[in-house]
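1. After the sequence you'll find the predicted model.
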Amino acid sequence: MTRPKVIIRRCDTYDVQAIRKILREGLEELDLQPSGHTLVKPNVVASGPLFPHAHTRPEFIEGMVAALRDCDGGMTELAVGERCGITIPTRAAFEGAGFYEVFERAGVKHYHFEESAQVEIPLSHPRRLRDYIFTPEPVARADFFVNCPKFKSHPWTTVTFAMKNYIGIQDDRHRLIDHDHRLDEKVADLQFVTQPQFIAIDAITAGENRMLTPIPFDLGLIIMGNNSVAFDSVCCRIIGVDPATVDHIRLAHEYGFGPMDQDAIEVTGDVTLEEAQKRAEGFQVGLIRVEDYFADSNITANSGPPPEPERTDYCWGGCPGALEEAIEIIRLFDAQTDAKLPKMHIVFGDYQGEIKANPGEKVLFIGDCAKWEGELDKGLVKIESLYRDRSTKDPHTAEHDDIFKKMASVTATLAKNRKEQVIRLQGCPVSVAELVLVLTGLAGTKNPFFAPSESVRFNKSYLMWKSVTMARRLRGKPYQENGAYDARGKAAPNITAPVGSTLPGE
Ligand code: SF4
């Protein structure tokens, strides 16, 4: 049996032609000729002047599109598709990243996945989180899937390489399901949707510590491969992380998607693994518990275990990490954030300890699973868990959380509790966007959603998104389809059997 291959190439520049040449040589070395529906999936989780290192760079995608054409083996469609960070329209993320200019120059089609039909993919492996998941139709239909992530660390899953990039093959309502302490299992389950024929990561400027606001790290590499587990394992080793400690990689390996063992992977290229490791010396993954993250701020964070405490004592995939990302976003927009933040206490999970809140200091219980009992200003406080077991959440009826509705509900919650010491925020998870709104409301910092640099692009994109989905609904276009794809995502010849003609939750 041939070993999966990972190719490590030197590239210190975002020159499109230099990238194109390296990617073309990678395709040739892997003996790949794209054919049929060819879909490129970048990571554009966030973009714009304040998020320059969060996304796969447009030059990389332009080089990829050209390289795929250089190696054309009968493509019937070449497209780029993405669902960026939730609540933000992908249109805004594409615009902020400069992708539309690339689409136009390269004459390439593009998909905003939240505007596409969503397709049901059945799962049957014994350790699955649920029996079916949804993915946008262009993903399920792809004959040649090209995964183009950004090389970054991640506060929830340690790293975001090839496999974690799959979180963007779900729209918001489906992405938030299981986005909790079992996020790694969700990411591993998503691998059953489709497997990439080609993977190429933008590791020219990598991102340390966080995923939305990473610290740039000049790694000067393009890494390519043909197997996600092997690929992510090598990327982990480059930064000194044992891939077996990253649960979604370990799980995908256990599910049979590929090897983690270095001896089972062929590494080639003009940079050896050892040289790549030398380049990455000091790279920080930023897997920091929330108590430590806020140790030097006015926020005292306390966390207890999420539900199913036998699995973990900390919800790595949910609310605590969202709070860390939220504060970093606010800091970008308001340099006075830390000075403006009043002293407050934040609680996650089933917290058994004391809350040392002085009179007047707010205590926020974040997430459905927050639970606590103890004395505060006005005497005994008892917070009950509102957590609902995941088996009660049906992806068929999952609803989209509209950002303007969220703004209204957060504003109402803060107004209602203005004089109260305790505020309860529901959700599993509570999203980064909601936490940004809450913290800006409590601290009186600048609100990123109203920043002039963001609001025009955001509002224009939001209106387009809503118009397109409304038009789809009025046309009676089937929104959900099933039965046309197998669990590995290979599209059946015809997409048939629509089961719904409405847009649930819109
Ligand atoms: S409510 Fe938040 S902290 Fe609790 S399980 Fe859900 S995502 Fe995790």
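-> Cool, got the structure. Numbers count the residues shown, from 1 in each chain.
2. Could you use CA atoms for every contact and neighbour count after this?
-> Will do.
3. where's residue 239 relative to residue 149, distance?
-> Computed as CA to CA, to the nearest Å, the residue 239 to residue 149 distance reads 16 Å.
4. Those two - which one has more neighbours?
-> Using other CA atoms under 10 Å as the criterion, residue 239 and residue 149 rank with residue 149 on top: 26 against 20.
5. Contact partners for that one?
-> 41, 42, 43, 55, 56, 160, 161, 162, 165, 200, 201, 202 (CA atoms under 8 Å, 6 or more residues apart in numbering).
6. try residue 337
-> Residues in contact with residue 337 (CA under 8 Å, 6+ apart) are 330, 331, 443, 445.
7. same deal with residue 161?
-> 149, 150, 151, 152, 201, 232, 235.
8. Apart from its neighbours in sequence, what residue is nearest the last one?
-> By that I understand residue 235. residue 161 (7.5 Å; CA to CA, 6 or more residues apart in numbering).
9. give me phi/psi at the one you found?
-> phi -110, psi -130 (degrees, to the nearest 10).
10. Wait, residue 55 touches residue 152, no?
-> No. Applying CA atoms under 8 Å as the test, residue 55 and residue 152 come out as separate, 9.2 Å apart.
11. Return the residues of the chain in contact with the ligand.
-> Listed as neighbours of the ligand in the chain under the rule CA under 6 Å from any ligand atom: 180-181, 306, 315, 318-319, 348-349, 367-369, 427-429.
12. Of those, which belong to strands?
-> In this view, the residues of the chain next to the ligand that belong to strands under DSSP state E are residue 348.
13. Give me the subset of the residues of the chain next to the ligand lying in helices.
-> residue 319 (DSSP state H).
14. I'd like the residues of the chain next to the ligand laid out as CSV, including neighbour count and pLDDT.
-> Shown next, in CSV, are these (neighbours: other CA atoms under 10 Å; pLDDT from 0 to 100):
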residue, neighbour count, pLDDT
180, 23, 95
181, 25, 96
306, 27, 96
315, 26, 96
318, 27, 95
319, 28, 96
348, 26, 97
349, 27, 97
367, 25, 97
368, 23, 97
369, 26, 97
427, 18, 93
428, 22, 94
429, 23, 94
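15. For the stretch 251-400 of the chain, just list every one of the helices.
-> Using DSSP state H, counting those that start in this stretch, the helices of the stretch 251-400 of the chain run over 273-279, 290-293, 319-333, 337-340.
16. ugh, wrong one, the stretch 401-506 of the chain
-> 403-416, 432-443, 452-474.
17. Report the contact partners of the spatially most central residue of the chain.
-> Closest to where the C-alpha atoms of the chain average out (CA atoms, centre = their mean) is residue 167, at 4.8 Å. Neighbouring residues of residue 167 by CA under 8 Å, 6+ apart: 175, 187, 190.
18. try 7 Å
-> Contact analysis of residue 167 by CA atoms under 7 Å, 6 or more residues apart in numbering lists 175, 187.
19. now it, what's its secondary structure?
-> helix (DSSP: H, G, I helix; E, B strand; the rest coil).
20. Can you list phi and psi of the residue nearest to residue 257 when sequence neighbours are not counted for me?
-> Distance criterion CA to CA, 6+ apart; nearest residue to residue 257, sequence neighbours excluded, is residue 229 at 6.4 Å. Dihedral pair for residue 229: phi -70, psi -50, per degrees, to the nearest 10.
21. What of residue 122?
-> phi -70, psi 140.
22. any idea how far it lies from the ligand?
-> According to CA to the nearest ligand atom, to the nearest Å, residue 122 and the ligand sit 24 Å apart.
23. What's the local residue count around the residue nearest to that residue when sequence neighbours are not counted?
-> Excluding the flanking residues, the one nearest residue 122 by CA to CA, 6+ apart is residue 132, at 4.2 Å. Neighbourhood size, residue 132 [other CA under 10 Å]: 18.
24. ok, residue 132 - contacts?
-> 120, 121, 122, 123.
25. And the last one, what's its pLDDT?
-> Pointing back at residue 123 there. On pLDDT, residue 123 comes in at 94.
26. That one: how many residues sit nearby?
-> 20.
27. so it touches residue 186, yeah?
-> No. With contact defined as CA atoms under 7 Å, residue 123 does not reach residue 186; the gap is 11.7 Å.
28. For the spatially closest residue to residue 268 that is not a sequence neighbour, grab the count of nearby residues.
-> Nearest residue to residue 268, sequence neighbours excluded (CA to CA, 6+ apart): residue 7, at 4.8 Å. A total of 24 residues lie near residue 7 under the criterion other CA under 10 Å.
29. Show me what the host helix or strand of residue 7 is in contact with.
-> Per DSSP states H and E, residue 7 falls inside strand 5-10. Applying CA under 7 Å, 6+ apart, the external contacts of strand 5-10 come out as 220-226, 231, 265-271.
30. Show me which pair in these is furthest apart.
-> Farthest pair in the contacts of strand 5-10 (CA to CA) is 220 and 265. Separation: 22.0 Å.
31. now the strands for the stretch 101-250 of the chain?
-> Along the stretch 101-250 of the chain, the stretches classed as strands by DSSP state E, counting those that start in this stretch are 109-112, 118-122, 132-136, 144-148, 150-154, 158-160, 198-208, 215-225.
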